[in-house]
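K.L.:
What follows is a predicted protein model with its sequence.
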Amino acid sequence: MRDFSDLTEREILALAIGSEEEDARIYADFAEGLRADYPHTATMFTEMAAEEGEHRRRLIDLYREKFGEHIPLIRRQDVRGFITRRPVWQVRPLGLDTVRKQAQLMELETTRFYRRAASRTSDASIRKLLGDLAEAEVAHEHYADKLVQENLPMSAREEEAQTARRMFVLRVIQPGLAGLMDGSVSTLAPVFAAAFATGRPWDAFAVGLAASVGAGISMGFAEALSDDGSLTGRGSPWVRGGVCGLMTTLGGIGHTLPFLIPAFRTALIVAIAVVVVELMAISWIRWKYMDTPPISATLQVALGGALVFATGVLIGSS
């Protein structure tokens, strides 16, 4: 890598051309990645890509005038001080907040680059163009605000917010809730059966830990292999599987940890209290995100949990 201060005027212009081309392609990638779910925002990024393309054309015209036809390949990653930008294909599915924040960072970095570049050149025409582009990047933020107003009226923004919420429910809440319910409810029987059968907290902890981790692995793979997301829009199967598996393990570990308390009666009371909290949390999530009436959600979860808990107690006491 080279220091920015070591670059010649020719190399600075070549770097600027490559940077504008890369930014335009990133905005185009944003537009393509958002088009299916957020068409209004996709239109906004398409116009921003066109704006970056115009900057690139102005830079190429000046470069030809000063240095001829050949433009050396100088990229941001070849110069110290530039932020490495993660390729868009590595961060799918795209979210509205993610891409808008990324766009703001891109404009801020490009503005700083043009101002530093302009201060380092003695050629009047190059200095003027770089200064103009720095001002254009500052104005780009206002341009983006204008595009938001033009392409994202309040109705469109509300529609995209609802779409984002649906995607969040499909890709995170649903697999996470399924895992939490399975981990919290299905592990009740083995944990409390072991506790009542042995009367030793450590035995109950060992059984609960094995059941929680095993259930997490099983549920994670089951969720990941059940749907690749191509038709349902539920996103990456491995992300969903990871969320589901993690929440399954968490749901089981919650009422397993109290059995680290040496006193059996105290451990049992704390574990039961944790179970109540877990079932309340599941009921709240179902009401908040799944539009289940609160009383119905509470009764369904409580009934299922009580039945599994009773099963474990009966088996362990027999």
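P.N.:
Looks like it came in fine. Computed from a prediction, not measured in an experiment: that's the story for all the values here.

K.L.:
how would you label the closest residue to Ala204 other than its chain neighbours: helix, strand or coil?
P.N.:
Distances taken as C-beta to C-beta, 6 or more residues apart in numbering place Ala195 nearest to Ala204, at 3.8 Å, with adjacent residues excluded. All C-beta atoms are positioned from the backbone trio N, CA, C, and that covers glycine. Recorded secondary structure, Ala195: helix (DSSP: H, G, I helix; E, B strand; the rest coil).

K.L.:
can you check Ala210 too?
P.N.:
Assignment for Ala210 (three-state DSSP): helix.

K.L.:
returning to that earlier point: contact partners for the residue nearest to Ala204?
P.N.:
Contact partners of Ala195, counting by C-beta atoms under 8 Å, 6 or more residues apart in numbering, are Pro201, Asp203, Ala204, Phe259, Phe264, Ala267, Leu268, Ala271, Gly316.

K.L.:
All the helices of this structure, residue numbers only.
P.N.:
Secondary structure of the chain (DSSP state H): helices located at 9-34, 39-67, 96-120, 124-151, 154-168, 174-181, 188-198, 201-226, 237-254, 264-289, 294-317.

K.L.:
about what we covered before: of all the contacts of Ala195, which comes closest to Val169?
P.N.:
Ala271 (30.6 Å; C-beta to C-beta).

K.L.:
Per-residue pLDDT of that closest one, please?
P.N.:
The per-residue pLDDT reported for Ala271 equals 89.

K.L.:
Grab the nearest non-local neighbour of it.
P.N.:
Pro258 (4.1 Å).

K.L.:
Got the phi and psi for Thr121?
P.N.:
Dihedral pair for Thr121: phi -100, psi 150, per degrees, to the nearest 10.

K.L.:
And for it, the neighbour number?
P.N.:
Thr121: 18 surrounding residues under other C-beta atoms under 10 Å.

K.L.:
and what of Glu223?
P.N.:
When counting by other C-beta under 10 Å, one arrives at 25 neighbours for Glu223.

K.L.:
Contact partners for it?
P.N.:
With contacts defined as C-beta under 8 Å, 6+ apart, Glu223 is in contact with Pro175, Ala178, Gly179, Pro237, Arg240, Gly241, Val243, Cys244, Gly245.

K.L.:
If we ignore the residues flanking it in sequence, what's nearest it?
P.N.:
Cys244 (3.9 Å).

K.L.:
show me the contacts for the one you found.
P.N.:
Residues near Cys244 by C-beta under 8 Å, 6+ apart: Pro175, Gly176, Ala178, Gly179, Met219, Gly220, Ala222, Glu223, Ala224.

K.L.:
now the first one: how far from Met247?
P.N.:
With the distance defined as C-beta to C-beta, to the nearest Å, Pro175 ends up 8 Å from Met247.
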